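Asker: Compute the structure for the input listed below.
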Amino acid sequence: MPELLRSPMEMRNDFSVLLLVCISVAVDGISDKNTLKMFACAKTLYISDTDKRKHFRLLLRLFHSDGQEIGSFQSGLIKVISKPSQKRQSMKNADLCISSGSRVSLFNRLRSQTVSTRYLAVEGGGFVASARQWTAFTLILVEDQQTDRSDYSVCESYICYGCVVQLVCTISGVALPPMVIRKVNKQHACLDIDEPVSQLHKCAFQLRNSKHMYLCLSNEKILQYQASPCQKESNRELLNDGSCWTITGTEVVEYTFSESLTSIQTVISPVPVINGLELNGGGHVAMLEIHGENFSPYLKVWFGNMEAETMF
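Answerer: As a prediction, this is how the structure comes out:
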């Protein structure tokens, strides 16, 4: 069953309200390696400076190779951020702050040149700097005194500079070692700033157990870079371009469906979405109440190959 609409939300003024992508889907069970990737990327979308909207959605329309439409799929609501905030962040601006357990994406962009953008990604079980595809990571705040990765205590709080964090791939579970997140100002890591991390801030990741060592990219490789201490300012360290990352929140919306091998001309959207389950009663009179969107009287609920009595 295909999983659809995994869209990077780099919430800037370069995403428009409509994403129209056509992808060929194999429904006969015969797929080559490229078909299994099921990946498409839109890079030329934008919101003009005169557009005053504060939120928008992306819309993905999916077609078979013969032009037959499969359906339309919407993203969640995306907040427009024209540029990173230059003010000192506080919990009063909670909508811009990044909390522990949230999903983020990291990218590196040399001198604001879009063509030089590299995303931190996971491919083949390893970390790479990809110019084509991004990866969503769960950003976890961990207890500073913990030393064994398996013993980490996850904290529920906003991420602040100077905190120990861990980046965990949301798909594979592959994780980077614990690192201290630092704010970057004019290519310097600031060691004395403890304000909350905000959307589109430039930041650096210092390996906790290696002094002066930072997460860095070189072409497509992810490696470590040794920063140089500033002689005049002991609370700053000089970084190279590859050690400066921009952090942004991401959203992932997944739609799953199964297509019949017979020819069906109707589109599958709007796809039913389940937001919650509630069990009422018990034994032979147990009833499962399903809360969600896009339900209709024509839908039936199945548990495996067992059809349940469905009431709308």
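
Asker: Only C-alpha atoms from now on, for both contacts and neighbour counts.
Answerer: Fine.

Asker: thought Cys203 was touching Trp245?
Answerer: Yes - Cys203 lies in contact with Trp245 (C-alpha atoms under 8 Å); the separation is 5.3 Å.

Asker: more crowded one of the two?
Answerer: Trp245 (27 against 24; other C-alpha atoms under 10 Å).

Asker: so who does the more buried one touch?
Answerer: Shown in contact with Trp245 (C-alpha atoms under 8 Å, 6 or more residues apart in numbering): Leu106, Phe107, Asn108, Arg109, Lys202, Cys203, Ala204.

Asker: count of neighbours near the first one?
Answerer: Here the number of neighbours of Leu106 (other C-alpha under 10 Å) works out to 24.

Asker: ditto for Thr250
Answerer: Close neighbours of Thr250, defined as other C-alpha under 10 Å, add up to 21.

Asker: Centre of the chain to stretch 282-302, how far?
Answerer: 31 Å (C-alpha atoms, centre = their mean, to the nearest Å).

Asker: where exactly do the strands run in the stretch 51-200 of the chain?
Answerer: Shown for the stretch 51-200 of the chain, the strands assigned by DSSP state E, counting those that start in this stretch span residues 55-56, 59-63, 69-74, 78-79, 102-108, 118-123, 126-130, 137-142, 154-155, 164-169, 179-185, 188-190.

Asker: nearest to Ile268, of the ones you listed?
Answerer: Ile268 lies closest, by C-alpha to C-alpha, to one member of the strands of the stretch 51-200 of the chain: strand 69-74, at 5.5 Å.

Asker: Format the CA atom coordinates belonging to the closest one as PDB.
Answerer: Backbone C-alpha positions of strand 69-74 (Å, rounded to 0.1, in the frame of the first residue of the first chain) are rendered in PDB as follows:
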ATOM      1  CA  GLU A  69      -6.500  10.200 -11.300                       C
ATOM      2  CA  ILE A  70      -6.000   8.300  -8.100                       C
ATOM      3  CA  GLY A  71      -7.000  11.100  -5.700                       C
ATOM      4  CA  SER A  72      -6.000  14.300  -4.000                       C
ATOM      5  CA  PHE A  73      -4.200  14.500  -0.700                       C
ATOM      6  CA  GLN A  74      -3.800  17.500   1.600                       C
END
